[in-house]
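J.: Take this sequence and fold it.
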Amino acid sequence: MFSKKQAAPQQPPRTQTRSSMSAAPGFSILGADTAIKGDISAASDLHIDGRIEGDITCTSLVQGETSEIIGAVKVQNAKLAGITRGTIDAGELVILRTAQILGDVHYEALTIEPGAQVDGRFSVRGAYVLEPSLEMEGSGERLLTLGSDAA
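T.: You can find the predicted model right below:
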């Protein structure tokens, strides 16, 4: 009536190796009680609610309303809602209504909500810039021509 079933052999728990951990995309959160002095470089996406004094480089950045970043920001995608003091270089940038930015902004795509404050210059990545060209034949005058800085 009661029979003993043979228990399945126990396998040791699997642990992730360094290569399998780096292959999976990650997400890091720095809470409101976090303060960091130093540069941050991350292969993962970041959500920052604390205070950072240093440059930030990552794939995607979400900055909370209570956050303050003092330093350059270089990202592919960013949603900024807090205070940023420094240059921003982003592919797709969304500046939310609570954001305060003090610094120049370089972008490919830009959205700014009404109420956002920006004190700096905007420039589009790959925009045309004025470059000196060769002299016009026989005139001795130099010309300015439009050219792409992406070349």
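J.: doesn't H47 make contact with G31?
T.: No - using C-beta atoms under 8 Å, G31 makes no contact with H47, being 9.1 Å away. Heads up, the C-betas are built off the backbone N, CA and C, glycines and all.
J.: neighbour count winner among the two?
T.: Per other C-beta atoms under 10 Å, whichever of G31 and H47 has more neighbours is H47, with 16 against 12.
J.: Quick one: end-to-end length of stretch 38-53, please.
T.: 6 Å (C-alpha to C-alpha, to the nearest Å).
J.: Can you list the neighbours in contact with that stretch?
T.: 22, 25-37, 54-64, 66-71, 82 (C-beta atoms under 8 Å, 6 or more residues apart in numbering).
J.: can you give me the helices in this structure?
T.: Assigned by DSSP state H, the helices in the chain fall at 18-23.
J.: in it, which ranges drop under the pLDDT threshold?
T.: Within the chain, the stretches with pLDDT under 70 are 1-25, 127-151.
J.: For I88, give its distance to Y107.
T.: 8 Å (C-beta to C-beta, to the nearest Å).
J.: returning to what we had before: in strands only, show me the contacts of stretch 38-53.
T.: Of these, the ones assigned to strands by DSSP state E are 27-30, 35-37, 56-63, 68-70.
J.: dump the residue contacts of E108.
T.: By C-beta under 8 Å, 6+ apart, the residues touching E108 are A90, G91, E92, V124, R125, G126.
J.: let's see it at 10 Å
T.: By C-beta atoms under 10 Å, 6 or more residues apart in numbering, E108 lies in contact with Q76, D89, A90, G91, E92, L93, V124, R125, G126.
J.: Now for these: which two are most distant?
T.: By the measure C-beta to C-beta, Q76 and V124 form the most distant pair in the contacts of E108, at 15.5 Å.
J.: higher neighbour count, these two?
T.: Q76 (15 against 12).
J.: Enumerate every residue touching the residue nearest to that one when sequence neighbours are not counted.
T.: Spatial nearest neighbour of Q76, excluding adjacent residues (C-beta to C-beta, 6 or more residues apart in numbering): G91 at 4.4 Å. Residues near G91 by C-beta under 10 Å, 6+ apart: T59, S60, V75, Q76, N77, A78, H106, Y107, E108, A109, R125.
J.: From the residues you listed, list just the buried residues.
T.: Among those, those buried by neighbour count (16 or more other C-beta atoms under 10 Å) are T59, S60, V75, N77, A78, H106, Y107.
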